[in-house]
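Novice: Sequence plus the predicted model coming up.
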Amino acid sequence: MSQLYIGIDSGTQGTKAVVLDSDSGEILAEAYATHALLEDSTGLREQDPAWWIAACEQVLGEVTSKVDAASIRGIGVSGQQHGFVPLDVDGNVIRPAKLWCDTATTEQCASITEKMGGPEAVVNAIGNSVAAGFTASKVVWLKDNEPENYERLATILLPHDYINFWLTGERKTECGDASGTAYFDVAKRGWSEEVLAAMDPSGKLAECLPELIESDQPIEVVQPELARKFGLAADVLVSSGGGDNMIAAIGTGNVAPGVVTASLGTSGTIYAHADKPVIDPKGELAAFCSSAGGWLPLICTMNVTVATELTKAVLGKDTVELNALAEKAGVGAGGVMLLPYFNGERTPALPGATASLHGLTPGNYTPENLCRAAMEGATFGLKYGLDVLKRLGVNPTEIRLVGGGAKSKLWRQIVADVFGCPVVRPVVEEAGALGAAIQAVWCVQRAGGADVALADLTAQYVTMDASAGAMPVAEHVEKYADLYEKYLALDAAMRTLNA
């Protein structure tokens with residue numbers, strides 16, 4: 001009888017679930033449910049964790065109805081990083097979860113950093129800076145703005161931890177997702193007493209942290225009532241899970257040095273596996289742990305497909321038309337260059353920056369060049385992140401490309417040419433859900449006594465689409481090297497206005 005594993009990927013916009021057959025490597029079933037979002041002009045971005053659970057119930061109900069549920073052996077969960085889920089002593093959610101994209105906590109970032117002795121002291125203590133997206137500032141925001149709710153706080157969970165809590169009743173976390181809280185020492189792989197004291201000198205927060213486990217350890221079996229509801233066996237294990245980037249790394253086979261994953265989503269990420277901590281003294285790089293037992297140095301940029309989506313909207317074009325126009329323009333977009341800071345920028349740290357079009361003339365101000373400049377500008381932004389990784393000793397042999405932009409053949413070629421590196425694309429696009437299922441296989445097999453390596457499992461389950469690769473073209477690489485220097489010069493010239 002086949003052994004099946006469920007992977008759940010709970011993101012900001014929705015929840016995806018897949019069922020992986022561990023024998024054949026096939027995805028036997030999948031389902032998706034959307035989430036609502038609470039937001040306002042102050043930068044507030046929140047969700048009720050009950051929405052995540054409702055979405056999980058929906059997708060679990062759908063996928064278990066399509067397969068033999070009794071054959072399911074494990075469940076893995078990937079969740080949006082950094083969100084803050086506050087629980088009281090009885091395990092009830094105190095208030096809506098503040099998300100990674102909530103920027104209403106910038107004042108708290110500055111406060112924590114000041115109490116730590118400045119940015120350099122923070123990096124020395126934990127390997128990361130205190131960014132607005134990270135969890136620490138959100139916890140202090142609760143203390144500063146809702147003291148009655150803070151008084152009730154008994155447990156701090158991250159989004160994937162909360163879904164694991166719902167599945168098992170256990171309050172646990174693992175190093176990968178925990179390393180994005182900004183109160184976790186990535187080198188020592190443990191909580192930072194120093195930052196926790198800066199957040200609240202009373203010592204309360206140390207009592208609110210979940211148990212820390214290793215990535216190859218299971219949380220516990222699924223709670224009996226949920227097992228009965230979905231037709232599962234009583235001994236189905238829930239793996240440690242992890243943050244979305246950490247689990248997507250597993251889902252793209254990025255579990256050994258040399259591979260770099262780049263995501264062309266609304267925002268962009270670029271990250272690699274490392275066998276030891278990779279810490280940036282300048283604080284531009286997120287020095288995360290992985291959910292594979294190692295480390296995951298990562299760069300995030302805020303503007304990738306947002307640039308092409310806005311260009312499509314202005315020109316009244318669809319995706320197919322945008323790609324066709326961009327291809328006609330050719331390398332360099334006729335001299336038009338886009339600095340794509342529509343949402344500000346995280347890397348480089350320019351939260352108040354705006355986008356700029358440069359090099360316009362009567363002859364090159366065309367739809368073709370605008371479309372091409374949107375793709376090239378967003379790719380140059382990711383190239384900046386790749387250069388940070390290279391500066392810290394991470395040298396890619398290939399780029400594994402995921403996200404909506406990776407569906408474009410032209411954009412894959414642009415990435416190969418700008419990065420000067422071969423580009424490949426995984427067959428399974430849902431890297432988060434697949435990675436969660438693979439990690440569940442790993443945890444279940446190791447819990448059963450098998451000495452299985454995660455790299456062997458990803459080699460078995462993660463395959464590349466041979467028809468969707470791209471090799472750098474020497475002539476284009478040379479042209480883009482010159483254009484990238486002009487991009488950096490444009491960025492430097494605009495820093496005074498964009499600071």
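Specialist: Cool, the structure landed. Model, not experiment: these values are computed from the prediction. Numbers count the residues shown, from 1 in each chain.

Novice: where does the residue nearest to Val462 when sequence neighbours are not counted fall, helix, sheet strand or coil?
Specialist: Distances taken as Cβ to Cβ, 6 or more residues apart in numbering put Gly253 closest to Val462, at 3.8 Å, once the chain neighbours are dropped. No exception for glycine: its C-beta is placed from N, CA and C like everyone else's. Three-state assignment for Gly253 (DSSP: H, G, I helix; E, B strand; the rest coil): coil.

Novice: who touches the residue nearest the centre of the chain in this structure?
Specialist: In the chain, the residue lying closest to the centroid (Cα atoms, centre = their mean) is Asn245, at 3.4 Å. Asn245 is in contact with Gln81, Thr269, Tyr271, Phe288, Leu296, Leu298, counting by Cβ atoms under 8 Å, 6 or more residues apart in numbering.

Novice: what's the farthest-apart pair in those?
Specialist: Maximum pairwise distance among the contacts of Asn245 (Cβ to Cβ): 11.8 Å, between Gln81 and Tyr271.

Novice: what domains does the record give for the chain?
Specialist: Following automatic domain parsing, one gets these domains for the chain: 4-245, 254-425+469-499.

Novice: Looking at these, which is nearest to Asp451?
Specialist: In terms of Cβ to Cβ, the element of those nearest to Asp451 is domain 4-245, at 10.7 Å.

Novice: average model confidence for the closest one?
Specialist: Per-residue pLDDT values across domain 4-245 average out to 96.

Novice: since we're on the spatially closest residue to Met471 that is not a sequence neighbour, how many residues are nearby?
Specialist: Once flanking residues are discounted, Met471 sits nearest to Pro422: 5.5 Å by Cβ to Cβ, 6+ apart. A count of neighbours around Pro422, defined by other Cβ atoms under 10 Å, yields 15.

Novice: Quick check: phi and psi on Pro422?
Specialist: phi -60, psi 140 (degrees, to the nearest 10).

Novice: Would you mind confirming that it is in contact with Glu398?
Specialist: Yes: at 4.7 Å, Pro422 and Glu398 qualify as touching, with contact defined as Cβ atoms under 8 Å.

Novice: List the contacts of the nearest residue to Pro86 once chain neighbours are set aside.
Specialist: Distance criterion Cβ to Cβ, 6+ apart; nearest residue to Pro86, sequence neighbours excluded, is Ile94 at 4.3 Å. Ile94 makes contacts with Pro86, Leu87, Asp88, Asn149, Arg152, Leu153, as judged by Cβ under 8 Å, 6+ apart.

Novice: OK, contacts around Leu28?
Specialist: Residues counted as contacts of Leu28 (Cβ under 8 Å, 6+ apart) are Leu4, Val19, Leu20, Asp21, Lys66, Val67.

Novice: and it, how far is that from Val63?
Specialist: 8 Å (Cβ to Cβ, to the nearest Å).

Novice: and for those two, which residues touch both?
Specialist: Joint contacts of Leu28 and Val63 (Cβ under 8 Å, 6+ apart) are Val19.

Novice: Not counting its neighbours along the chain, what's nearest Phe380?
Specialist: Closest to Phe380 by Cβ to Cβ, 6+ apart is Tyr487, at 4.4 Å.

Novice: my hunch is that that neighbour is in a strand, does that hold up?
Specialist: No: secondary structure of Tyr487, determined by three-state DSSP: helix, with no strand assignment.

Novice: my guess is it contacts Ala373, does it?
Specialist: No: the pair Tyr487 / Ala373 is not scored as a contact, 10.6 Å apart, by Cβ under 8 Å.

Novice: list the residues that contact both of these two?
Specialist: Going by Cβ under 8 Å, 6+ apart, residues that sit against Tyr487 and also against Ala373 are Met337.

Novice: who has more neighbours, the two?
Specialist: Comparing Tyr487 with Ala373 by other Cβ under 10 Å, the one with more neighbours is Ala373, at 28 against 24.

Novice: check contacts around Gly241.
Specialist: Applying Cβ under 8 Å, 6+ apart, the residues contacting Gly241 are 76-79, 160-161, 163-164, 174, 177, 219, 247, 291, 436, 439.

Novice: Give me the spatial nearest neighbour of it, chain neighbours excluded.
Specialist: Looking at Gly241 with Cβ to Cβ, 6+ apart, the closest residue is Val77, at 3.9 Å.

Novice: Helices of the stretch 251-400 of the chain, start to end?
Specialist: 305-315, 319-329, 367-391 (DSSP state H, counting those that start in this stretch).

Novice: Could you point out which of those helices sits nearest Pro49?
Specialist: Among the helices of the stretch 251-400 of the chain, the nearest to Pro49 by Cβ to Cβ is helix 305-315 (26.8 Å).

Novice: tell me the average confidence for the closest one?
Specialist: On average, helix 305-315 scores 95.

Novice: So which other helices or strands are in contact with that helix?
Specialist: Applying 3 or more Cβ pairs under 8 Å, 6 or more residues apart in numbering; DSSP states H and E, we find helix 305-315 packed against helix 319-329, helix 367-391.

Novice: between that helix and helix 319-329, how many degrees?
Specialist: Relative orientation of helix 305-315 versus helix 319-329 (axes from the mean of the first three to the mean of the last three Cα atoms, to 10 degrees): 90 degrees.
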